[in-house]
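# Take this sequence and fold it.
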Amino acid sequence: MEQFVEFIGNHLVLSGLWLALVVIIFAQQRARSSKSVGPQQAVMMINRNDAVVLDIRDKKEFDAGHIVDAINIPVSKLGQRVTELDRHKQKPVVVVCKMGQHSGDACKTLQEAGFEQVVRLGGGIAEWRAQSLPLVQK
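Residues are numbered from 1 along each chain as shown. From the prediction side, this is the model:
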């Protein structure tokens, strides 16, 4: 610990730049992400509010196991295919990815397209599986 404090004291500019970089990364991550819900909240949204589940994983991963009635649009094609979801604009949308890392970008894309009630599944389909919730396999 002494060496760490000494390093910071000897390299104030470098330490300041490192701290600024960390703050910028956190700010960018926060701006990119949207509201997150857990699997239990997602189930309640689906059952009570007729929420639509949008799975943004690739077709192969989607076929290996997905949430019942989920719509599959890979994240790479979401910008081109967002019009397929227009009939669901008034419903809540739960965006699902593999680990919960890419769904934030998809939420922003949907919000820019006019969707107001967009949330992401925290932890993605991995968290859904970890809680032993049902999946459909093709």
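# Any stretches of the protein with poor pLDDT?
Low-confidence segments of the chain (pLDDT under 70): 31-33.
# where do the strands sit along it?
When secondary structure is read from DSSP state E, the chain shows strands at 36-37, 52-55, 71-72, 93-96, 118-121.
# Buried by neighbour count: which residues of stretch 42-49 qualify?
A42, V43, M45, I46 (16 or more other CB atoms under 10 Å). Where C-beta positions appear, they are placed from N, C-alpha and C, glycine not excepted.
# contacting residues for N47?
For N47, the contact set (CB atoms under 8 Å, 6 or more residues apart in numbering) is empty.
# and the longest helix for this structure?
Taking residue count as the measure and DSSP state H as the definition, the longest helix of the chain comes out as helix 12-32.
# That one packs against which elements?
For helix 12-32, the helices and strands in contact under the criterion 3 or more CB pairs under 8 Å, 6 or more residues apart in numbering; DSSP states H and E are helix 103-112.
# Which ones among the buried residues of stretch 42-49 map onto helices?
Secondary structure defined by DSSP H assigns A42, V43, M45, I46 of the buried residues of stretch 42-49 to helices.
# Pull the contacting residues for the last one.
So that's I46. V53, I67, V94.
# ok, of those, which one's closest to Q117?
Ranked by distance to Q117 (CB to CB), the contacts of I46 are led by V94 at 9.5 Å.
# what's the distance between the residue nearest to the spatial centre of the chain and I24?
Central residue check for the chain by CA atoms, centre = their mean: the C-alpha nearest the mean position is that of S103, 2.6 Å away. Taken as CB to CB, to the nearest Å, the spacing of S103 relative to I24 amounts to 22 Å.
# per-domain residue ranges of the chain.
What the record gives for the chain is the domain set 2-31, 35-130, from automatic domain parsing.
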